[in-house]
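> sequence and predicted model, in that order:
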Amino acid sequence: MTEHNHDHEHEHEHEFDEEEIIVLEDEDGKEHNFILGEVIRVEETEYAILLPIDEDVEEGVIFRIDGEEDDQMVLSEIEDDAEWEKVVSAYNELEEDEDSEGV
(Lines give C-alpha, C1' and ligand atoms only; values in the text may rest on other atoms or scores of the structure.)
Protein backbone atom coordinates (compact mmCIF):
# COMPACT_ATOMS: atom_id res chain seq x y z
CA MET A 1 0.00 0.00 0.00
CA THR A 2 1.45 3.31 -1.01
CA GLU A 3 1.00 7.04 -0.45
CA HIS A 4 -2.62 8.19 -0.29
CA ASN A 5 -4.50 11.46 0.17
CA HIS A 6 -7.67 11.78 2.20
CA ASP A 7 -9.75 14.32 4.11
CA HIS A 8 -9.34 13.91 7.84
CA GLU A 9 -12.57 15.01 9.52
CA HIS A 10 -14.40 11.93 10.82
CA GLU A 11 -16.69 11.38 13.80
CA HIS A 12 -18.97 8.56 12.60
CA GLU A 13 -19.72 5.08 13.88
CA HIS A 14 -21.45 2.93 11.29
CA GLU A 15 -22.66 4.85 8.25
CA PHE A 16 -20.03 6.16 5.86
CA ASP A 17 -20.22 8.64 3.03
CA GLU A 18 -18.22 7.85 -0.11
CA GLU A 19 -15.79 10.72 0.58
CA GLU A 20 -15.02 9.38 4.09
CA ILE A 21 -13.79 6.03 2.84
CA ILE A 22 -10.06 5.57 2.28
CA VAL A 23 -9.39 2.92 -0.34
CA LEU A 24 -6.02 1.17 -0.14
CA GLU A 25 -4.72 -1.38 -2.61
CA ASP A 26 -2.75 -4.39 -1.37
CA GLU A 27 0.19 -6.14 -3.04
CA ASP A 28 -2.20 -8.29 -5.07
CA GLY A 29 -4.09 -5.28 -6.44
CA LYS A 30 -7.16 -5.90 -4.27
CA GLU A 31 -8.82 -2.79 -2.84
CA HIS A 32 -9.74 -2.52 0.85
CA ASN A 33 -11.88 0.17 2.50
CA PHE A 34 -10.85 2.01 5.68
CA ILE A 35 -11.92 5.01 7.72
CA LEU A 36 -9.73 7.32 9.77
CA GLY A 37 -9.92 6.07 13.35
CA GLU A 38 -7.48 8.37 15.11
CA VAL A 39 -4.55 10.67 14.57
CA ILE A 40 -1.76 10.31 17.12
CA ARG A 41 1.37 12.39 17.61
CA VAL A 42 4.69 10.71 18.36
CA GLU A 43 7.43 13.20 19.03
CA GLU A 44 6.90 15.82 16.28
CA THR A 45 5.20 13.56 13.73
CA GLU A 46 1.52 12.69 13.31
CA TYR A 47 0.26 9.25 12.31
CA ALA A 48 -3.11 8.15 10.97
CA ILE A 49 -4.72 5.01 12.36
CA LEU A 50 -6.95 3.59 9.62
CA LEU A 51 -9.66 1.14 10.66
CA PRO A 52 -11.05 -1.46 8.23
CA ILE A 53 -14.69 -1.40 7.23
CA ASP A 54 -14.32 -4.42 4.94
CA GLU A 55 -15.24 -7.68 6.61
CA ASP A 56 -12.29 -9.50 5.02
CA VAL A 57 -9.72 -7.21 6.73
CA GLU A 58 -9.15 -7.85 10.43
CA GLU A 59 -6.55 -5.26 11.40
CA GLY A 60 -6.15 -1.51 11.08
CA VAL A 61 -3.11 0.09 9.51
CA ILE A 62 -0.89 3.00 10.49
CA PHE A 63 0.53 5.60 8.12
CA ARG A 64 2.75 8.63 8.72
CA ILE A 65 1.07 11.93 7.83
CA ASP A 66 3.49 13.83 5.59
CA GLY A 67 1.55 17.10 5.35
CA GLU A 68 -1.43 18.07 3.26
CA GLU A 69 -2.18 18.72 -0.40
CA ASP A 70 -5.43 20.41 -1.42
CA ASP A 71 -6.92 19.98 2.10
CA GLN A 72 -6.16 16.25 2.09
CA MET A 73 -3.67 14.30 4.18
CA VAL A 74 -0.64 12.86 2.43
CA LEU A 75 -0.10 9.39 3.93
CA SER A 76 3.14 7.42 3.67
CA GLU A 77 4.09 3.93 4.77
CA ILE A 78 6.39 3.61 7.77
CA GLU A 79 9.45 1.76 6.51
CA ASP A 80 11.84 2.27 9.44
CA ASP A 81 11.53 -0.46 12.11
CA ALA A 82 12.51 1.86 14.97
CA GLU A 83 9.91 4.44 13.92
CA TRP A 84 7.29 1.69 13.59
CA GLU A 85 8.04 0.39 17.11
CA LYS A 86 7.70 3.91 18.58
CA VAL A 87 4.34 4.45 16.92
CA VAL A 88 2.94 1.05 17.90
CA SER A 89 4.12 1.55 21.48
CA ALA A 90 2.49 5.02 21.63
CA TYR A 91 -0.74 3.65 20.18
CA ASN A 92 -0.80 0.74 22.65
CA GLU A 93 -0.25 3.18 25.53
CA LEU A 94 -3.12 5.32 24.29
CA GLU A 95 -5.40 2.28 24.09
CA GLU A 96 -4.40 1.15 27.60
CA ASP A 97 -5.11 4.64 28.97
CA GLU A 98 -8.53 4.69 27.32
CA ASP A 99 -9.32 1.19 28.63
CA SER A 100 -8.35 2.12 32.19
CA GLU A 101 -10.47 5.28 32.06
CA GLY A 102 -13.50 3.29 31.00
CA VAL A 103 -13.29 0.86 33.96
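Sure thing, it's come through.
> when you work out contacts or count neighbours from here on, use the C-alpha atoms and nothing else.
Noted.
> Glu58 belongs to a helix, doesn't it?
No: assigned with DSSP: H, G, I helix; E, B strand; the rest coil, Glu58 falls outside any helix and is coil.
> so it is in contact with Pro52, correct?
Yes: between Glu58 and Pro52 there is a contact at 7.0 Å, judged by C-alpha atoms under 8 Å.
> contacts for the lengthiest strand in the chain next, please.
Longest strand in the chain, counting residues (DSSP state E): strand 31-42. By C-alpha atoms under 8 Å, 6 or more residues apart in numbering, the surrounding residues in contact with strand 31-42 are 8, 10, 20-26, 46-54, 57, 60, 86-87, 90-91.
> looking at Glu58 and Pro52, which is more packed in?
Higher neighbour count among Glu58 and Pro52: Pro52, with 21 against 9, using other C-alpha atoms under 10 Å.
> got the contact list for that one?
His32, Asn33, Phe34, Ile35, Glu58, Glu59, Gly60.
> could you flag which of these are buried?
Among the contacts of Pro52, those classed as buried by 16 or more other C-alpha atoms under 10 Å are His32, Asn33, Phe34, Ile35.
> between strand 31-42 and the helix or strand containing Ile49, find me the angle.
Assigned by DSSP states H and E, Ile49 belongs to strand 45-52. For strand 45-52 against strand 31-42, the angle by axes from the mean of the first three to the mean of the last three C-alpha atoms, to 10 degrees is 150 degrees.
> pLDDT of strand 45-52, averaged?
What strand 45-52 shows for mean pLDDT is 94.
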